[in-house]
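Colleague: next input, structure requested:
(one chain, ligands or ions: 1)
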Amino acid sequence: MITGPTEGIGRATAFALAERRARLHLLCRNPRKATALRDALLSRYGDISVELYLADLGDFGEVRGAASAFIDRNEPLDVLINNAGVINTRRILLDNGQEQMFAVNHLGHFLLTTLLLDQLKQAEQGRVVVVASEAYRFCRGIRFDDLQWHKGFSAFPTYGHSKLANILFVRELAERMQGTRVTANALHPGGVRSQLGAQNAWWAGRILVLVKPFLRTAARGAETSVYLATSDEVTMTNGEYFYDCKPKKTKPSARDREQARRLWELSERLVAA
Ligand SMILES: NC(=O)c1ccc[n+]([C@@H]2O[C@H](COP(=O)([O-])OP(=O)(O)OC[C@H]3O[C@@H](n4cnc5c(N)ncnc54)[C@H](OP(=O)(O)O)[C@@H]3O)[C@@H](O)[C@H]2O)c1
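Modeller: I've put the predicted structure just below:
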């Protein structure tokens, strides 16, 4: 299952896995783009299986609906790739009271993953792959006293905070999955030419155009996701952070066990509210 497969890295990941004849479960928020993607995959690869699930990851009711639709199929889940992501230059508060980047990048994926843990455990070797970012470095720790960024909102630190949450989530999930066949790993895809941030104000778009020549293609950006999803080399690897298909050491903020445990417990409460 891949979240956010309609653009950028997620789309390239979907095509790379279709090439390997994977049975794809695609969680998308836009029905028109979802159908167009399925048509494109089927026209290129013919008889592969592509199932669509519609949910905005910032809407926890919709995430529950998508997870239920998969659970109703009564089949194991081999790989969950938490890829969808958003970066905003202005603070957006959702109806559920959460700041959008934290809600979509972390909380929605936290909920999806925890709802699908039984299906992952039923797989021969279930894998959770989380597309994080080196942007986690913009932030020193989890802001337990202000997750909604009432104070100090700024695009990169707030985005980086959600990506730090991605890595800490993987650390805690890996701990909790010890003794099962499920593993969890995070990754940085590199700087990738994609639609990330394209919905923002014109000046943010200008910056994107300026940096474009220095960015890698989405197919190249998808390589570590595909590696973690499929390679025999990482069957036993759990709780690591990868870049260019190799483990990469993180700053202490992304290895803090106590913060990871606290974030898990708080996330449970926030998605239940
Ligand atoms: N691009 C980079 O340089 C870079 C670097 C480091 C990390 N990353 C990470 O890589 C991941 C993929 O980013 P990308 O660069 O491929 O971005 P992208 O081209 O903007 O693609 C993002 C995908 O996420 C989906 N999405 C966004 N908000 C969503 C929501 N609320 N609910 C459900 N789906 C949603 C989008 O759906 P729509 O098609 O409907 O918009 C799209 O399919 C993200 O987690 C990002 O943080 C990217």
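Colleague: quick one: least confident helix or strand in the protein?
Modeller: None of the helices or strands of the chain scores lower by mean pLDDT, DSSP states H and E than helix 202-211, at a mean of 68.
Colleague: which SSE is immediately downstream of that one?
Modeller: Counting by DSSP states H and E, the next helix or strand C-terminal to helix 202-211 is helix 218-221.
Colleague: beyond that next one, next helix or strand please.
Modeller: Assignment by DSSP H and E places the next element after helix 218-221 at helix 223-230.
Colleague: and the chain, which of its residues are near the ligand?
Modeller: Taking C-beta under 6 Å from any ligand atom as the criterion, the chain approaches the ligand at residues 4-10, 29-30, 33, 56-58, 83-86, 104, 131, 133, 188-189, 191-192, 194-196. To be clear about C-beta, it is placed using only N, CA and C from the backbone, and glycine gets the same treatment.
Colleague: now, of the residues you listed, which are buried?
Modeller: 4-10, 29, 56-58, 83-86, 104, 131, 133, 188-189, 192, 194, 196 (16 or more other C-beta atoms under 10 Å).
Colleague: in strands only, show me the residues of the chain next to the ligand.
Modeller: Counted as lying in strands by DSSP state E, out of those, are Val131, His188.
Colleague: show me the residues of the chain next to the ligand that map onto helices.
Modeller: Gly8, Ile9, Gly10, Lys33 (DSSP state H).
Colleague: with respect to the ligand, which of those is nearest?
Modeller: The nearest member of these to the ligand, counting by C-beta to the nearest ligand atom, is Gly8 at 2.3 Å.
Colleague: coming back round to it: and the ones in helices among the residues of the chain next to the ligand, which two are furthest apart?
Modeller: Largest separation among those by C-beta to C-beta: Ile9 and Lys33, giving 15.1 Å.
Colleague: strands of the stretch 1-150 of the chain, start to end?
Modeller: Under the criterion DSSP state E, counting those that start in this stretch, the stretch 1-150 of the chain carries strands at the ranges 2-3, 24-28, 50-54, 79-82, 127-131.
Colleague: including mean pLDDT, could the ones you listed go into a markdown table?
Modeller: As requested, those are exported to a markdown table (pLDDT from 0 to 100):
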| stretch | mean pLDDT |
| --- | --- |
| strand 2-3 | 98 |
| strand 24-28 | 98 |
| strand 50-54 | 98 |
| strand 79-82 | 99 |
| strand 127-131 | 98 |
